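Chemist: Here is my input, please return the structure:
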Amino acid sequence: MDEQALLGLNPNADSDFRQRLAQQRKTVCLRLSNLHLISWTISLCQMLNPQPEKTFIRNKAAQVFALLFVTEYLTRWPKFFFDILSVVDLNPRGIDLYLRILMAIDSELVDRDVVHTSEEARRNTLIKDTMREQCIPNLVESWYQILQNYQYTNSEVTCQCLEVVGAYVSWIDLSLIANDRFINMLLGHMSIEVLREEACDCLFEIVNKGMDPVDKMKLVESLCQVLQSAGFFSIDQEEDVDFLARFSKLVNGMGQSLIVSWTKLIKNGDIKNAQEALQAIETKVALMLQLLIHEDDDISSNIIGFCYDYLHILKQLPVLSDQQKANVEAIMLAVMKKLTYDEEYNFENEGEDEAMFVEYRKQLKLLLDRLAQVSPELLLASVRRVFSSTLQNWQTTRFMEVEVAIRLLYMLAEALPVSHGAHFSGDVSKASALQDMMRTLVTSGVSSYQHTSVTLEFFETVVRYEKFFTVEPQHIPCVLMAFLDHRGLRHSSAKVRSRTAYLFSRFVKSLNKQMNPFIEDILNRIQDLLELSPPENGYQSLLSSDDQLFIYETAGVLIVNSEYPAERKQALMRNLLTPLMEKFKILLEKLMLAQDEERQASLADCLNHAVGFASRTSKAFSNKQTVKQCGCSEVYLDCLQTFLPALSCPLQKDILRSGVRTFLHRMIICLEEEVLPFIPSASEHMLKDCEGKDLQEFIPLINQITAKFKIQVSPFLQQMFMPLLHAIFEVLLRPAEENDQSAALEKQMLRRSYFAFLQTVTGSGMSEVIANQGAENVERVLVTVIQGAVEYPDPIAQKTCFIILSKLVELWGGKDGPVGFADFVYKHIVPACFLAPLKQTFDLADAQTVLALSECAVTLKTIHLKRGPECVQYLQQEYLPSLQVAPEIIQEFCQALQQPDAKVFKNYLKVFFQRAKP
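Modeler: Below is the predicted model:
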């Protein structure tokens, strides 16, 4: 035993010394037990199973050690890594566990996908700092030894180790890795087939590490020289696409790193080194282009970042060299080629591969936009050349080439931006080129090409460049025919028909002034597309009900925006809507008699579609072209009378009520006062046997009526106020299972709707509607608002409740207010303004809650405004002392309340409650 140990055995030894010694013994014991745990884990894996454990078991073991590490390393197990290294002793099973533990630790400390508390983030930073000081050099040395010993004998362990190096390099000293011995070994791995993908990723992480721009440039250049001399830049001779995808990512990283260095050097005014960096970038462009044009889209996609940033550099240069211009053109041609669909693309049943190509196309579009910023003239000329040569021989050209030619024209609209789509005015050369291409598009007959992708691209482009038809309106008839015949709305593909229905609606709306000569012809041609398809006729409609909505809207737009007199517009609108009304009556009768639930549902769906179609036609009206001015009021009133009986149908109530409610919303806007006679009866039906969801959807209708008509609907509101509230309270008071999240959410949403209703009533100057409900009912309503402000942890509802309270105080809080309201202010409203923010659920770090607090401040300011010194006296002498608030804080609070600037008090109130909360 040593002297200190002997001293520790002395009963007369200093007590502090003995405590320290006891702590040391605990630490030694803990470390020994931890060592035993590691040894036991490794030996158990080897003894129980001569084959390696399943991967998930090894990963779980690593996670356990990682969690143990983050909790113990800083306090009781500082020798964690040394202990593990001493046990694994370069044994393959042990090394496997060691490397998995390292990855699990990196995930715990660094992974940005894992959400950490601020306390955990501070702890993780401290752990990393401690590791850098105490053990990182030893870990790096262990990685080198593993790579050296196993690179030829155990590829799995070597790849694992490369992954670890790549993960840790982002937060350790780069010089430990970016040195000759490590880099040479990694470059050696690039020539070993089973290692080179991981080696590529590891080099990528090294290159991506933030560092001095000149040092980064030197590192990248030295790597490139070695890779080039080893033949890695000869892309054509490499057949392994998986490796090339990783290599493309590495080249992308190197290119972007050089660009970051160039940007920093320019910003620092270091022109000499910036020039070197630009030269280094330029030497990589040929390789970048080889990768960009590669037939494998993953390889091409991985280099787009470098390509995009390179173009950004060129955009900043005052003059481009001939080589740089050639590079721009080469990128342009590569993008045009890579936009092309391949033969395997499945247009009828698009799956994951197709979705990935669509995303890849979006990346290429960004490149095209950047090309337009660098050289718009060159882009326009290139697209024009490709477009013209392709459409000249479209009949004998493959679909993908025709599609991409039209697609490029479509993409020019965004790549060459103008205000309000005015592509055909201003710059004469650009307008002339686009006009020529559009003229070729609509006169070439390419709309008849027998492939859905070409057909869709034709219609998309025609609508994108709708301003062309104001310049050359003579082409409108042939395009309208394309929309209306077998090329568009009657195409054999449902996908084309559906998209064309939407595009046709847009085309007509944007060119409504040019449509007058064609209106009646169009209406006749779309007649069969407007038919409501009853469920029993078995006829498969060309368009879905959603697509038909666009056709009805288009018909409405044509009629309303026509130059016809009001009588003609009314006749056309009646022709459009009468078949719907007639079918509705027949179907409603059938529904009332239907016994089979499935048939009831299909009939209700059809009825709902009829209401929806009629509703959609009303979207054509505007402030300039109102329903009255068009003489269409009578038609829509007839629709109302036809549809309202559906509210009394006892079957399929949800879907029928929903459709009629939506129609009423539209009619309140379109018919204005003329709709009012229908509201009481409709409301009475909608309040019968209603559930929470029905009420939630009904309340916005009442809010719309209240806000729009105000005093005109006061008698109606007074009559239906308490029946509506009783229906709401009945639903809210229904018992529900404690863990029924759905029921809890439904009640929360209904509560919000209820408070929104009260806010609309008070905010529309209709407080007498509440006041006239009798003292008992008024008090009940006010109590629910206080409860909403204080008891329910829902900041959105709380905010609304404080808005209601401040409005009521503004209206009733003066000397001439209702009897007893002043008492209510002091007994309930003032306490609510303190009790709500003091609740633990009132989270002042939450944005919605801060808005609720802001309205709480407005309420207190309004009370002070209406009650004056009496309010301050109540706070000073009664209420705040009852909360045990210190006298100096009470004084401070009252001074802030009396400040004329409301913003000062809002800010103070937040600080006041932050201090008050534990």
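
Chemist: alpha carbons only for contacts and neighbour counts from here, please
Modeler: Will do.

Chemist: How about L724: what's its closest non-neighbour residue?
Modeler: Counting by CA to CA, 6 or more residues apart in numbering, L724 lies nearest to L687, which is 7.2 Å off, once chain neighbours are set aside.

Chemist: I'd like to know how many residues surround the one you found.
Modeler: Residues near L687, counting by other CA atoms under 10 Å, number 17.

Chemist: Need the phi and psi values for it.
Modeler: When read as degrees, to the nearest 10, the backbone of L687 gives phi -90, psi -10.

Chemist: do the one 3 residues further on as well
Modeler: Backbone torsions of C690, given as degrees, to the nearest 10, read phi -100, psi 150.

Chemist: Number of residues surrounding it?
Modeler: Neighbour count for C690, taken as other CA under 10 Å: 16.

Chemist: What's the separation between it and Q748?
Modeler: Here C690 is placed at a distance of 17 Å from Q748 (CA to CA, to the nearest Å).

Chemist: okay, now the domains of this structure?
Modeler: As assigned by the TED database, the chain contains the domains 21-209, 242-342+352-374, 390-415+430-471, 477-531+543-591+601-619+635-642, 774-917.

Chemist: Let me have these in TSV, extended by mean pLDDT, mean neighbour count and distance to S382.
Modeler: As requested, the domains of the chain are exported to TSV (pLDDT from 0 to 100; neighbours: other CA atoms under 10 Å; distance: least, CA to CA, whole Å):
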stretch	mean pLDDT	mean neighbour count	distance to S382
domain 21-209	83	16	35
domain 242-342+352-374	95	18	8
domain 390-415+430-471	95	19	10
domain 477-531+543-591+601-619+635-642	95	19	26
domain 774-917	92	17	51
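
Chemist: I'd like to know which of those is closest to R384.
Modeler: domain 390-415+430-471 (7.1 Å; CA to CA).

Chemist: chain center to that closest one, what's the gap?
Modeler: Domain 390-415+430-471 sits 32 Å away from the centroid of its parent chain (CA atoms, centre = their mean, to the nearest Å).

Chemist: switch to numbering from 554
Modeler: Renumbered: residue one is now 554, and that last one reads domain 943-968+983-1024.

Chemist: end-to-end on that domain?
Modeler: Using CA to CA, one end of domain 943-968+983-1024 lies 25 Å from the other.

Chemist: hmm, back to that, now render the domains of the chain as JSON lines, adding distance to V773.
Modeler: Formatted as JSON lines, those follow (distance: least, CA to CA, whole Å):
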{"stretch": "domain 574-762", "distance to V773": "7"}
{"stretch": "domain 795-895+905-927", "distance to V773": "6"}
{"stretch": "domain 943-968+983-1024", "distance to V773": "33"}
{"stretch": "domain 1030-1084+1096-1144+1154-1172+1188-1195", "distance to V773": "49"}
{"stretch": "domain 1327-1470", "distance to V773": "45"}
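
Chemist: Could you double-check that I1072 sits in contact with L1111?
Modeler: Yes: assessed by CA atoms under 8 Å, I1072 is found in contact with L1111 at 6.1 Å.

Chemist: How much space separates W696 from V718?
Modeler: For W696, the distance to V718 (CA to CA) stands at 7 Å.

Chemist: so the residue most central in space within the chain, which of the three states?
Modeler: For the chain, the residue nearest the mean C-alpha position is E912 (16.1 Å; CA atoms, centre = their mean). Of the three states, E912 takes helix under DSSP: H, G, I helix; E, B strand; the rest coil.

Chemist: L1042 now?
Modeler: Following three-state DSSP, we place L1042 in the coil state.

Chemist: just F977 next, same as before
Modeler: Classification of F977 by three-state DSSP places it in coil.

Chemist: who are the neighbours in contact with the nearest residue to it once chain neighbours are set aside?
Modeler: Excluding the flanking residues, the one nearest F977 by CA to CA, 6+ apart is A984, at 4.5 Å. The contact partners of A984, taken as CA atoms under 8 Å, 6 or more residues apart in numbering, are H976, F977, S978.

Chemist: Would you confirm that the first one contacts L987?
Modeler: If I follow you right, that is H976. Yes: counting by CA under 8 Å, H976 does reach L987; the two are 7.4 Å apart.

Chemist: List the residues that contact L1056.
Modeler: L1056 makes contacts with F1012, E1013, V1016, as judged by CA under 8 Å, 6+ apart.

Chemist: would you turn the residues you listed into a markdown table with distance to G1327?
Modeler: What follows is the contacts of L1056, written out as a markdown table (distance: CA to CA, whole Å):
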| residue | distance to G1327 |
| --- | --- |
| F1012 | 63 |
| E1013 | 62 |
| V1016 | 60 |
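
Chemist: Quick check: helices, which of the residues you listed are part of them?
Modeler: When the contacts of L1056 are checked against helices (DSSP state H), the matches are F1012, E1013, V1016.

Chemist: where does the closest residue to the second one other than its chain neighbours fall, helix, sheet strand or coil?
Modeler: Yep, that's E1013 we're talking about. Ranked by CA to CA, 6+ apart and with sequence neighbours excluded, the top spatial neighbour of E1013 is L1056, at 7.1 Å. Assigned with three-state DSSP, L1056 falls in the helix class.

Chemist: What distance do you get for L1056 to T1014?
Modeler: 10 Å.

Chemist: element containing K613?
Modeler: In the assignment (DSSP states H and E), K613 maps to helix 608-625.

Chemist: Show me how far that helix is from its chain's centre.
Modeler: Relative to its chain's centre, helix 608-625 lies at 34 Å (CA atoms, centre = their mean).

Chemist: just to revisit the earlier point, chain center to whichever strand or helix holds the residue nearest to F977, what's the gap?
Modeler: Following DSSP H and E, one finds A984 within helix 981-996. On the basis of CA atoms, centre = their mean, helix 981-996 sits 37 Å off its chain's mean C-alpha point.

Chemist: Could you do stretch 1185-1204 as well?
Modeler: On CA atoms, centre = their mean, the centre of stretch 1185-1204 falls 39 Å from the chain's centre.

Chemist: what's the span of that stretch from first residue to last?
Modeler: Taking CA to CA, stretch 1185-1204 runs 32 Å from one end to the other.

Chemist: The residue nearest to S1094 when sequence neighbours are not counted in helix, strand or coil?
Modeler: In space, and not counting its chain neighbours, S1094 is closest to S1086: 6.8 Å by CA to CA, 6+ apart. Of the three states, S1086 takes coil under three-state DSSP.

Chemist: Backbone torsions only: list them for S1086.
Modeler: S1086 has phi and psi values of phi -90, psi 100 when expressed as degrees, to the nearest 10.

Chemist: how near is the residue nearest to L1277 to F1251?
Modeler: Distance from L1240 to F1251, by CA to CA: 8 Å.

Chemist: And K1138, by the same measure?
Modeler: For K1138, the distance to F1251 (CA to CA) stands at 24 Å.

Chemist: I would like the residues contacting stretch 1075-1089, please.
Modeler: Applying CA under 8 Å, 6+ apart, the external contacts of stretch 1075-1089 come out as 1037, 1092, 1094-1096, 1101, 1104-1105, 1108, 1133, 1136, 1140, 1155-1156, 1159, 1162-1163.

Chemist: Stretch 1107-1114 now?
Modeler: 1057-1058, 1061-1062, 1065-1066, 1068-1069, 1072, 1076, 1122, 1125-1126, 1129, 1170-1174, 1178, 1183.
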